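Colleague: Here's a sequence, model it:
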Amino acid sequence: MKTNNTKLSALLIGSFLSCASFFTYAAESHMTEALKHAELATKAADGNAVAEHATAAKAHAAIANEHLTAAIKSLDQVVDHGKQGNTDLAKKSAEEADTHLKAAQ
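Modeller: Have a look, this model is predicted:
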(Lines give C-alpha, C1' and ligand atoms only; values in the text may rest on other atoms or scores of the structure.)
Protein backbone atom coordinates (compact mmCIF):
# COMPACT_ATOMS: atom_id res chain seq x y z
CA MET A 1 0.00 0.00 0.00
CA LYS A 2 2.82 2.41 0.88
CA THR A 3 4.52 1.74 -2.47
CA ASN A 4 1.32 2.59 -4.35
CA ASN A 5 0.93 5.84 -2.40
CA THR A 6 4.54 6.73 -3.14
CA LYS A 7 4.09 6.01 -6.85
CA LEU A 8 0.86 8.01 -6.96
CA SER A 9 2.52 10.91 -5.15
CA ALA A 10 5.46 10.81 -7.55
CA LEU A 11 3.08 10.77 -10.53
CA LEU A 12 1.10 13.73 -9.21
CA ILE A 13 4.24 15.71 -8.40
CA GLY A 14 5.68 14.95 -11.83
CA SER A 15 2.47 16.09 -13.49
CA PHE A 16 2.44 19.28 -11.46
CA LEU A 17 6.07 20.04 -12.32
CA SER A 18 5.42 19.41 -16.01
CA CYS A 19 2.53 21.87 -15.95
CA ALA A 20 4.57 24.39 -13.99
CA SER A 21 7.43 24.24 -16.47
CA PHE A 22 4.98 24.64 -19.38
CA PHE A 23 3.59 27.83 -17.87
CA THR A 24 7.12 29.03 -17.19
CA TYR A 25 7.89 28.84 -20.90
CA ALA A 26 4.52 30.35 -21.87
CA ALA A 27 5.41 33.73 -20.38
CA GLU A 28 8.47 35.92 -20.56
CA SER A 29 11.03 34.96 -17.96
CA HIS A 30 11.23 37.07 -14.84
CA MET A 31 14.84 38.04 -15.45
CA THR A 32 14.01 39.06 -19.02
CA GLU A 33 11.14 41.19 -17.76
CA ALA A 34 13.26 42.71 -14.99
CA LEU A 35 15.99 43.61 -17.48
CA LYS A 36 13.48 45.01 -19.96
CA HIS A 37 11.89 47.28 -17.34
CA ALA A 38 15.27 48.36 -15.96
CA GLU A 39 16.32 49.37 -19.47
CA LEU A 40 13.04 51.19 -20.04
CA ALA A 41 13.60 53.06 -16.77
CA THR A 42 16.91 54.38 -18.09
CA LYS A 43 15.17 55.66 -21.23
CA ALA A 44 12.03 57.10 -19.61
CA ALA A 45 11.39 60.80 -20.03
CA ASP A 46 9.99 61.65 -16.61
CA GLY A 47 10.39 60.60 -13.00
CA ASN A 48 7.03 58.86 -12.76
CA ALA A 49 7.81 56.63 -15.74
CA VAL A 50 11.26 55.86 -14.33
CA ALA A 51 9.67 54.88 -11.01
CA GLU A 52 6.97 52.73 -12.70
CA HIS A 53 9.53 50.77 -14.70
CA ALA A 54 11.81 50.40 -11.68
CA THR A 55 8.88 49.07 -9.64
CA ALA A 56 8.07 46.51 -12.33
CA ALA A 57 11.74 45.51 -12.62
CA LYS A 58 11.98 45.10 -8.85
CA ALA A 59 8.85 42.89 -8.74
CA HIS A 60 10.18 40.55 -11.43
CA ALA A 61 13.63 40.45 -9.83
CA ALA A 62 12.05 39.54 -6.48
CA ILE A 63 10.14 36.64 -8.06
CA ALA A 64 13.32 35.45 -9.78
CA ASN A 65 15.11 35.64 -6.43
CA GLU A 66 12.38 33.53 -4.78
CA HIS A 67 12.83 30.89 -7.47
CA LEU A 68 16.60 30.93 -7.03
CA THR A 69 16.23 30.50 -3.28
CA ALA A 70 13.86 27.57 -3.83
CA ALA A 71 16.24 26.07 -6.40
CA ILE A 72 19.15 26.23 -3.96
CA LYS A 73 17.03 24.53 -1.30
CA SER A 74 16.09 21.78 -3.77
CA LEU A 75 19.73 21.34 -4.82
CA ASP A 76 20.72 20.96 -1.16
CA GLN A 77 18.09 18.20 -0.93
CA VAL A 78 19.50 16.57 -4.08
CA VAL A 79 22.93 16.39 -2.44
CA ASP A 80 21.52 15.08 0.85
CA HIS A 81 19.32 12.44 -0.79
CA GLY A 82 22.07 11.43 -3.20
CA LYS A 83 24.59 10.95 -0.42
CA GLN A 84 22.07 8.82 1.46
CA GLY A 85 21.53 6.66 -1.63
CA ASN A 86 17.92 7.82 -2.15
CA THR A 87 18.11 8.09 -5.94
CA ASP A 88 14.38 8.61 -6.54
CA LEU A 89 14.14 11.41 -3.98
CA ALA A 90 17.33 12.98 -5.34
CA LYS A 91 15.89 12.96 -8.85
CA LYS A 92 12.59 14.45 -7.64
CA SER A 93 14.48 17.26 -5.91
CA ALA A 94 16.59 17.77 -9.03
CA GLU A 95 13.41 18.17 -11.10
CA GLU A 96 12.14 20.76 -8.62
CA ALA A 97 15.44 22.64 -8.83
CA ASP A 98 15.33 22.54 -12.61
CA THR A 99 11.79 23.96 -12.63
CA HIS A 100 12.75 26.80 -10.27
CA LEU A 101 15.91 27.64 -12.21
CA LYS A 102 13.96 27.82 -15.46
CA ALA A 103 11.33 30.01 -13.79
CA ALA A 104 13.99 32.38 -12.49
CA GLN A 105 15.69 32.87 -15.86
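
Colleague: Show me what the helix or strand hosting A41 is packed up against.
Modeller: Applying DSSP states H and E as the criterion places A41 in helix 30-43. Contacts defined by 3 or more C-beta pairs under 8 Å, 6 or more residues apart in numbering; DSSP states H and E place helix 30-43 against helix 47-83, helix 87-104. Placement of C-beta: from N, CA and C, glycine included.

Colleague: ok and that helix relative to helix 87-104, angle-wise?
Modeller: 20 degrees (axes from the mean of the first three to the mean of the last three C-alpha atoms, to 10 degrees).

Colleague: What's the separation between A57 and K83?
Modeller: As judged by C-beta to C-beta, to the nearest Å, A57 and K83 stand 39 Å apart.

Colleague: I meant to write E52 there.
Modeller: Distance from E52 to K83, by C-beta to C-beta: 48 Å.

Colleague: Between those two, which is the more surrounded one?
Modeller: Each of E52 and K83 has its neighbours counted (other C-beta atoms under 10 Å); E52 has more, 15 against 9.

Colleague: Output the lowest mean pLDDT helix or strand found in the protein.
Modeller: helix 2-26 (a mean of 52; mean pLDDT, DSSP states H and E).

Colleague: so where is this protein shaky, pLDDT-wise?
Modeller: 1-28 (pLDDT under 70).

Colleague: Contacts only, for A97.
Modeller: A71, S74, L75, V78 (C-beta atoms under 8 Å, 6 or more residues apart in numbering).

Colleague: Disregarding residues adjacent in the polypeptide, which is nearest to the third one?
Modeller: Nearest in space to L75, with sequence neighbours left out and distances taken as C-beta to C-beta, 6 or more residues apart in numbering, is A97 at 4.8 Å.
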